[in-house]
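**Student:** Take a look and give me a structure for this.
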Amino acid sequence: MGESGSSVSLDVERISFGGKEHHIYTHHGPVSVAVYGDHEKPALITYSDIALNHMSCFQGLLFCTEASSLLLHNFCIYHICPPGHELGAAQISSNIPVPSVDDLADQVADVIDFFGLGSVMCMGVSAGAYILTLFATKYRERVLGLILVSPICKAPTWTEWFYNKVLSNLLYYYGMCGMVKESLLQRFFSKEVRGSAQVPESDIVQACRTLLEEKQSINVWRFLQSMNGRHDLTESLKQLQCRTLIFVGENSPFHSEAVHMTSKLDRRFSALVEVQACGSVVTEEQPHAMLIPLEYFLIGYGLFRPSTKSSDRNTLSPTSPLSPSCISPELLSPESMGIKLKPIKTRVSLQV
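**Tutor:** I've put the predicted structure just below:
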């Protein structure tokens, strides 16, 4: 762990669900970071969507055996929770100003400084994808690659802005009421798993519903306020210097944003994977659909799943930061990643 400097300080650290949870004070307030894995390995930063944390946003992906072995073999994972979204979080005081999206992106930089990390890989979902993309545009030299799930990159339309205002008012005055929970579940998941009068909702939706009930509604309100004041990143996308892999659910409300974002990125170093019959949170609803594109994407950095031979395991684990200079030029093309530049349809059978 890096020494804390003038920018950040450590408040509390505790063991949580197999990882170590750190509460870090940054220039823009405290933030919770759950760390999983070997600190000597390259860093993977994650950031979840509104009202979610790493347990409700990335657990499905990391419980997928193949994906877990791929990621934990190659990375130490630093899950940054949106302020006040961690398990057991207290209500944030009304005296603390609501952070802007730029403040939240700068918070990510403070966290990286605290742990003494160099350049990092980033993975974000929807609002979290926006924060990490903004971070990448502000701190280009600190980001090696972006893995974005149903990302947002434009300023809110008037329709979205008004809808979020209504949702904000409900959160502020009525808390995590039934209407708010249903709105959030529609944001996260496809109708196939949300269920209907004839089909019960899936286990992941039931689990998410339970976790939403435990959230501090004011803390969710604050993140929603931050995102409702976001600015357009379209022009900044052209300045990104890292490779980008985008996943989007076919039924995600942010599908058009993901397509727009892909069209603005350098086509040589970006790819879009569309997952059929899926909502926004692909990491929970269909994590297995992410595995093959992730594998090919990480091969470009010289990373891979661990060998099944026990004799090879000790020799294949990376223990130094990634460096773009060590990547073969032929591995930098989307074709070498095994991903087409047009959306890739991945279909899975649904159990009814």
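**Student:** just checking, A89 is part of a strand?
**Tutor:** No. If the criterion is DSSP: H, G, I helix; E, B strand; the rest coil, then A89 is coil and not within a strand.
**Student:** Spatially central residue for this structure, please.
**Tutor:** G124 (1.9 Å; C-alpha atoms, centre = their mean).
**Student:** Tell me the secondary structure of that residue, please.
**Tutor:** strand.
**Student:** What strand or helix carries V199?
**Tutor:** Using DSSP states H and E, V199 sits within no helix or strand.
**Student:** Count the neighbours of it for me.
**Tutor:** A count of nearby residues for V199, using other C-beta atoms under 10 Å, gives 13. Bear in mind the C-beta positions are built from the backbone N, C-alpha and C, glycine included.
**Student:** again with N169
**Tutor:** N169: 11 surrounding residues under other C-beta under 10 Å.
**Student:** swap in the one 4 residues further on?
**Tutor:** Counted by other C-beta under 10 Å, the residues lying close to Y173 total 10.
**Student:** Ok, H23 next?
**Tutor:** 17.
**Student:** just checking, it touches V35?
**Tutor:** No. When contacts are counted by C-beta atoms under 8 Å, H23 is not listed as touching V35 (12.0 Å).
**Student:** mind showing which ranges of the stretch 251-352 of the chain have poor pLDDT?
**Tutor:** Along the stretch 251-352 of the chain, segments meeting pLDDT under 70 span 307-352.
**Student:** how about the strands in it?
**Tutor:** In the stretch 251-352 of the chain, the strands defined using DSSP state E, counting those that start in this stretch lie at 270-275, 344-346.
**Student:** mind exporting the longest one as CSV, just the C-alpha atoms?
**Tutor:** Right, strand 270-275. Output of strand 270-275 as CSV, limited to C-alpha atoms (Å, rounded to 0.1, in the frame of the first residue of the first chain):
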residue,chain,number,x,y,z
SER,A,270,-12.3,0.2,-29.7
ALA,A,271,-15.0,-2.4,-30.1
LEU,A,272,-18.7,-2.8,-29.2
VAL,A,273,-20.2,-6.1,-28.0
GLU,A,274,-24.0,-6.1,-27.9
VAL,A,275,-25.5,-8.7,-25.6
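**Student:** how far out from the middle of the chain is it?
**Tutor:** With C-alpha atoms, centre = their mean, to the nearest Å as the basis, strand 270-275 stands 15 Å off its chain's centre.
**Student:** Packing partners of it?
**Tutor:** strand 243-249, helix 255-264, helix 291-299, strand 344-346 (3 or more C-beta pairs under 8 Å, 6 or more residues apart in numbering; DSSP states H and E).
**Student:** Name the strands paired with it and say parallel or antiparallel.
**Tutor:** Neighbouring strands of strand 270-275 in its sheet, by DSSP bridges, are strand 243-249 (parallel), strand 344-346 (parallel).
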